[in-house]
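J.: pasting the sequence and the predicted model now:
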Amino acid sequence: MKDTSDISARKLIDKLVPDRSWGSMRGLLSTTYELGPDFLEMDFLPSVFGLGAWDDRSWASRIALEKHLSQIDAAVILTDARRYRGRPRSLRLEVKPAVTPRGSALHAKITLVLFERAVRLIVGSANLTERGYRRNREAVASVTAMQGSRKDASLIYQALIGASPALDPWLSAAARKLISDSLDTLRPWMKENADPDTTFQWTYGQTKLWREYLARWPSGETIKRLSIVSPFWSENAGLTLSALLKETKIAGALAIDAEVRLLTDAFEGPNGEVLPILPPGYASYNWAALGVKATAQAVSPKVLPAELAGMEGFTGTRALHAKIVLMEGVKNGLAYLGSANFTAHGWGFLGNQMAANVEAGLIIRRPLQTGIFDTLIPDLVGTPILLTSGNFHSLQAPEHSSEDEPWPEFILQVLLAPAGADDSELELSIEVDPVGASLPWSARILDKEGFPGEILTSIETDIEGSRRSVRVPLSSQTLTRLLTDQEILICWCDCPRGRAVPLNVEASARMRLPISPAQRRIQETDLLFYYQGRISWEELFPDPEPPPGPSDASAVPATPAAGVDKSRIQSYQIREFVEALTGISQDLAASVQSESSMRLALLGPVSPLALAYTVCDAVDSGFRSPMAAAFQLVEILACIKSARSLTVPERLSQGWEGHLAEATGKITGILKQLVASHGELLASKSFERYHKTVLTGGARLNV
C-alpha cells in the first residue's frame, strides 16, 4: 500500500477490466453489505464487461449493457437486506437481499467472475459502491486462474467450496450453477503443490474468525507486534481486543513485551491536529495487565494528486475502510485481509453464535524477510497515542450510526414468474416464510408522483405450510408498472409505511424481457442492415424518450438512390436479404459462448426468428409476394441448418441443439402457415423442388 510508483495499479476500479485472452464472460456473482445501484450499472458492470469508455447518459450505452447481461448465464448480487436502498434498473440482474439473524449481517465482499478461459475472484473490504471502488482506502485482493497461469486455481477453488455453505440460504439456482461451473473450470488446473500458507476463510455462525486466524500462527514462535487496521471497533474494548490477546496468552504465543497498534480512521481537530477515531473505552482499559503496550494512531487520509484525475467533486481525502490484522514474530508474520471489522460480530467473540457476521477474507502466513507485509500497512499520520490512564482526550469518539429501518424478514423472494406452461404471460409470485410473518401484511405498487399506488395483495390470516408462494395475476397495465418500478412495497405491522423490496424475474422468463422498455418488433430493413454490418446492435433500439433539442437523423442509413424510393421494389428487397445471409451465419457463429447468448441470437429480438416474422409482415402489408417470402424463409432455415456444423463447447452442445431445434420449429411453423394460406405455393413445382433441395433432402413440406 505504500508503493506509489504505479498509480494505475492502485485504482481498484481499473482492476475489474478483463483480459481479452480470457474469452467471453459466462457469469457473475457478488456479495456486498452496501449496494450502490447507480454505481453498479454505470461503473462496476461496464468495467467488468470491459466495455471501455462509458457514457452513462447515452442510450446506446444502456442498450449495450442490456445486451451483455442478456448474453451471460447468471448475474447475481447478494446484499444485506437491512441495508437495501434500491436495485439497479436492469431486471436481468438478480438482486437478492439476504436476511440474517438479528444482530448479524451479510458482511462478506466477494466477486466471482467466470470467463470462457479464466476464473477471477475479488475479495476484500470494498462494498459495491462508488465510495468503495473509487474513494475509500480499501484493502482488496484480486486473483485469476487460467490455463497458462494456474497458481491461484487452488485458492479460488477453496473459496468456492466454502461459498455454498456460507451463502446457502440466499443462493438461487443460477448462482449455484455458476459456482459449480467455476469449480468444473478450475478442477483441471489444480496443482498438488498449492500454497499452504495462503488460505481463503469464510466465517459465520460457529466458525469463528479469531480461532481460524490463531490456528495458523507458527507453532513455537511468539508474537512481538500486533497491528490492527479497522475503521469500526467494538464499543467494549474488553470484548474483542482483550479477548484476542487472552487467547494468544493461553496459547503461549504472546511475548511479554508485545506491542499492539490500533490503526484507525483519522479526524482533523479544530487546530489542525489529527486524532485517531476510537471508542474512549480503549484508553481506559488496563492493557498493562495483559502485558502489552497499546497505542492508537490514525491512517493518513492524504491522497496523491495523481490519484485524483477524473474525480469530480472529490474532497481530497480518503476515508479508511480497509480491514487488516497483522501479527509479527521474530521470523514470521500472519495477516488477515478481508471484510471483517475488528468487532465482536466480525471476529466471533460472542456468546450468541447466530449473531456472528458472514465474513470472507484471506489469511496469509509468510517469513518477514519476504517483505510482503510491508505493503499491507497504510501510511500513518500524527503521533501514536498511548492507551493508558484514561487518555481518551487524545481520541475522537466515533459517531453513532443510525438504526436500520425494519425489514420484512418473512418475505423470502419477490418474482415475476410465468403464469403457466407458456412463459409469455407473467404473474407476481411472493415467496413467504409464514412462520415469521407479521399479520396482517400487504404488497403494493409504489406510490409515485403522477402514478398512484395500488394494493396487489393483502394477507390477513395465517398461511399454511412451512413455505408458501402467494400468486397474484397481473393486468397488462400493472405488469408495465412493475417492470418500470422494479420494486414493490411490503407493509406490515412493524412498518405500516412499508419497505421497498426488489423485484426479480424468474430465469425461465428472463429471456422474454424487452431490451428496451418501449421495445416493438424491429423492422425487416433494420434487421437486414444490422446483418449487413451497416448499423450496430445498439442502434436497433432507439431511445423512447430522446433528449430535447434538434432530432438526429435516423440511425438506420437511407437506401442510396437519388430521388428513387426502392424500398417497395421486390427485387431490391430480395437483394438486400441475400446480402444479409452471410451476416446471419456470422452472428450465429459468434453466439456460441453461453447458453443465454445462443438463445438471444437464435430467438431474441435480433435473430433469424425475428427476421422470419418481419418477412411475413411484409406479405400481409402487400410489400412482398408470398412466393418471395417463402424462398426467404427457406434461406433463413438453411442458415440455421448450416449452424449445426459449428464447433460448440461440449458443455453447450446440448443447449445449442435445443435452441436450434426450437428456432427451426418456429420458423418452419411460420412457413407452413404461409404455404397453407396461399395455394399458389402448394401448386408451385419450382418452390417444392427448391425446398426439397435446400432443406429436406427430398422430403415434401407437410402442411
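T.: Cool, the structure landed. Nothing here was measured: the structure is a model prediction, and the numbers come from that model.

J.: give me the phi and psi for the closest residue to Thr198 other than its chain neighbours.
T.: The shortest distance from Thr198 to any non-neighbouring residue, by CB to CB, 6 or more residues apart in numbering, is to Ile364 (5.1 Å). Where you see a C-beta, it was placed from the backbone N, CA and C, and this is true even at glycine. Note on Ile364: backbone dihedrals following degrees, to the nearest 10 are phi -120, psi 130.

J.: hmm, Ile364 is touching Phe200, no?
T.: No. Counting by CB atoms under 8 Å, Ile364 does not reach Phe200; the two are 10.4 Å apart.

J.: got the contact list for the residue lying closest to Leu513 once chain neighbours are set aside?
T.: Setting aside the residues directly before and after it, Leu513 is nearest to Leu91 in space (CB to CB, 6+ apart), at 5.7 Å. When contacts are counted by CB atoms under 8 Å, 6 or more residues apart in numbering, Leu91 touches 416, 483, 486, 503-505, 510, 513.

J.: please redo it, this time with the cut-off set to 10 Å
T.: Residues near Leu91 by CB atoms under 10 Å, 6 or more residues apart in numbering: 66, 69, 416, 482-483, 486, 502-505, 509-510, 513-514.

J.: could you give the mean pLDDT of stretch 441-458?
T.: Throughout stretch 441-458, pLDDT has a mean value of 85.

J.: show the end-to-end separation of that stretch, please.
T.: Using CA to CA, to the nearest Å, the end-to-end distance of stretch 441-458 comes to 6 Å.

J.: could you count how many residues lie near Leu646?
T.: If you count neighbours by other CB atoms under 10 Å, Leu646 ends up with 13.

J.: re the thing from before, what's the overlap in contacts for Ile364 and Phe200?
T.: Shared between the contact lists of Ile364 and Phe200 (criterion: CB under 10 Å, 6+ apart) are residues Ala141.

J.: ok, back up a step: okay, the contacts of Leu91 in JSON lines with secondary structure next?
T.: As requested, the contacts of Leu91 are arranged in JSON lines below (DSSP: H, G, I helix; E, B strand; the rest coil):
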{"residue": "Glu66", "secondary structure": "helix"}
{"residue": "Leu69", "secondary structure": "helix"}
{"residue": "Leu416", "secondary structure": "strand"}
{"residue": "Leu482", "secondary structure": "helix"}
{"residue": "Leu483", "secondary structure": "helix"}
{"residue": "Gln486", "secondary structure": "coil"}
{"residue": "Pro502", "secondary structure": "strand"}
{"residue": "Leu503", "secondary structure": "coil"}
{"residue": "Asn504", "secondary structure": "strand"}
{"residue": "Val505", "secondary structure": "strand"}
{"residue": "Ala509", "secondary structure": "helix"}
{"residue": "Arg510", "secondary structure": "helix"}
{"residue": "Leu513", "secondary structure": "coil"}
{"residue": "Pro514", "secondary structure": "coil"}
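
J.: save the residues you listed as CSV, and put in pLDDT too.
T.: Formatted as CSV, the contacts of Leu91 follow (pLDDT from 0 to 100):
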residue, pLDDT
Glu66, 90
Leu69, 93
Leu416, 94
Leu482, 91
Leu483, 89
Gln486, 93
Pro502, 97
Leu503, 96
Asn504, 96
Val505, 93
Ala509, 84
Arg510, 82
Leu513, 81
Pro514, 78
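
J.: of Ile364 and Phe200, which one has the most company?
T.: The neighbour count for Ile364 versus Phe200, taken as other CB under 10 Å, is higher for Phe200 (24 against 20).

J.: how much space between that one and Leu186?
T.: 13 Å (CB to CB, to the nearest Å).

J.: need the residues touching each of the two.
T.: With CB under 10 Å, 6+ apart as the test, Phe200 and Leu186 both reach 154-158, 160.

J.: which single one of those is nearest to Asp447?
T.: Leu160 (42.2 Å; CB to CB).

J.: for Ser402, see how far away the closest one is.
T.: According to CB to CB, Leu160 and Ser402 sit 35 Å apart.

J.: neighbour-wise, which of those two wins?
T.: Counted by other CB under 10 Å, Leu160 and Ser402 do not tie: Leu160 has more neighbours, with 21 against 6.

J.: and that one, that one's in a helix?
T.: Yes. With three-state DSSP as the criterion, Leu160 is assigned to a helix.

J.: pull the longest helix from this protein.
T.: Identified as the longest helix of the chain according to DSSP state H is helix 650-677.

J.: what are the buried residues along that one?
T.: Neighbour counts over helix 650-677 (16 or more other CB atoms under 10 Å) mark 652, 655-656, 659-660, 663-664, 666-668, 670-671, 674-675 as buried.

J.: same thing with stretch 394-410?
T.: Residues of stretch 394-410 classed as buried: 394-396, 398, 407-410 (neighbour count, 16+ other CB under 10 Å).

J.: for the stretch 301-450 of the chain, what spans make up the helices?
T.: Listed in chain order, the helices of the stretch 301-450 of the chain (DSSP state H, counting those that start in this stretch) span 344-347.

J.: where does it dip in pLDDT?
T.: For the stretch 301-450 of the chain, the stretches with pLDDT under 70 are 304-315, 422-423, 449-450.
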